[in-house]
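Engineer: Okay, sequence plus prediction incoming.
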Amino acid sequence: MQFTVAIDGPAAAGKGTISKAVAAHFGFAHLDTGLLYRAVGARVISGDEAIFAAQSLAVSDLEQSNLRTNEVAHAASEIAVIPEVRAALLEFQRSFSARDGGAVLDGRDIGTVICPDADVKLFVTASAQVRAARRFQEFSQTGVETSLSEVLADVIARDKRDSERATAPLVAASDAVLIDTSDLTIEAATARAVAAIEAALQSQA
């Protein structure tokens with residue numbers, strides 16, 4: 001069975017956590033497509049040229065321990081605007097989405113560009129203030145020194161870059177189910193996602 005779930009949304013909205021939970025619930029494979037861009041960003045920080053890094057990306061690059069740092073996230077957002085980088089990573093993502101047994105992909109252009117024919121499209125979002133507070137808490141727990149105001153400024157700047165880029169901007173697909181997690185627990189948000197997917201599965205049965 002091929003069944004594709006596309007989950008998009010801005011940073012720290014909860015899409016990664018929801019995607020993992022949904023994949024586990026239905027037994028689908030999961031791909032955090034942001035890791036692909038973070039891995040390329042990490043290689044650029046190390047001195048590689050962005051397009052070369054994207055074209056030669058290896059599975060081992062996705063397993064580096066520094067991919068969740070703020071520095072790498074910033075680099076990933078910057079290289080994500082390069083059309084050649086996106087083209088190099090496009091086929092990898094589409095191949096993953098077509099695998100048997102179901103697939104969940106989360107990112108910023110899954111429902112609009114990577115998998116426009118996905119069986120279910122979700123757009124997970126939250127206010128910039130809520131997302132900044134979540135990210136600041138994550139940094140505090142991992143020992144990253146920063147301030148809430150700095151994190152908020154970075155979230156707003158990243159939203160602007162992602163939504164205004166010429167290639168594959170961050171935008172909800174016209175047929176996506178919107179899940180605003182600003183005032184939702186992760187359990188409640190996941191339940192909404194599961195319900196949307198179950199409805200689609202039942203309609204195909």
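Structural biologist: That came in fine, so what should we check first? Residues are numbered from 1 along each chain as shown.

Engineer: Who are the contact partners of residue 15?
Structural biologist: 7, 8, 9, 106, 122, 124 (C-beta atoms under 8 Å, 6 or more residues apart in numbering). For every residue, glycine as well, the C-beta is placed using N, CA and C.

Engineer: In JSON lines, list the residues you listed along with neighbour count, pLDDT and secondary structure.
Structural biologist: Shown next, in JSON lines, are those (neighbours: other C-beta atoms under 10 Å; pLDDT from 0 to 100; DSSP: H, G, I helix; E, B strand; the rest coil):
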{"residue": "7", "neighbour count": "31", "pLDDT": "98", "secondary structure": "strand"}
{"residue": "8", "neighbour count": "27", "pLDDT": "97", "secondary structure": "strand"}
{"residue": "9", "neighbour count": "28", "pLDDT": "96", "secondary structure": "coil"}
{"residue": "106", "neighbour count": "26", "pLDDT": "96", "secondary structure": "strand"}
{"residue": "122", "neighbour count": "29", "pLDDT": "98", "secondary structure": "strand"}
{"residue": "124", "neighbour count": "27", "pLDDT": "98", "secondary structure": "strand"}
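
Engineer: just curious, which of the residues you listed is nearest to residue 43?
Structural biologist: Among the contacts of residue 15, residue 106 lies closest to residue 43 (C-beta to C-beta), at 21.6 Å.

Engineer: Strands of the protein, start to end?
Structural biologist: 4-8, 29-32, 103-107, 120-125, 177-180 (DSSP state E).

Engineer: how close does residue 172 sit to residue 117?
Structural biologist: 16 Å (C-beta to C-beta, to the nearest Å).

Engineer: And for residue 81?
Structural biologist: Counting by C-beta to C-beta, the gap from residue 81 to residue 117 is 25 Å.

Engineer: In terms of neighbours, single out the busier of these two.
Structural biologist: Neighbour tally, residue 81 and residue 117, criterion other C-beta atoms under 10 Å: the higher count belongs to residue 81, 16 against 9.

Engineer: ok, the nearest residue to the more buried one once chain neighbours are set aside - how many residues close by?
Structural biologist: Leaving out its chain neighbours, the residue that sits closest to residue 81 by C-beta to C-beta, 6 or more residues apart in numbering is residue 165, at 4.3 Å. Residues lying near residue 165 (other C-beta under 10 Å) number 18.

Engineer: Residues in a beta bridge with the residue nearest the centre of the chain, which ones?
Structural biologist: Closest residue to the average C-alpha location of the chain: residue 107 at 2.5 Å, with C-alpha atoms, centre = their mean. For residue 107, the beta-bridge assignment (DSSP bridges) gives partners residue 8.

Engineer: ok, it to residue 116 distance?
Structural biologist: From residue 107 to residue 116 the distance is 13 Å (C-beta to C-beta).

Engineer: cool, and residue 95?
Structural biologist: With C-beta to C-beta as the criterion, residue 95 and residue 116 are 16 Å apart.

Engineer: Tell me which of the two has more neighbours.
Structural biologist: residue 116 (13 against 10).

Engineer: ok, the more buried one - contacts?
Structural biologist: Residues residue 173 are the ones in contact with residue 116 under the rule C-beta under 8 Å, 6+ apart.
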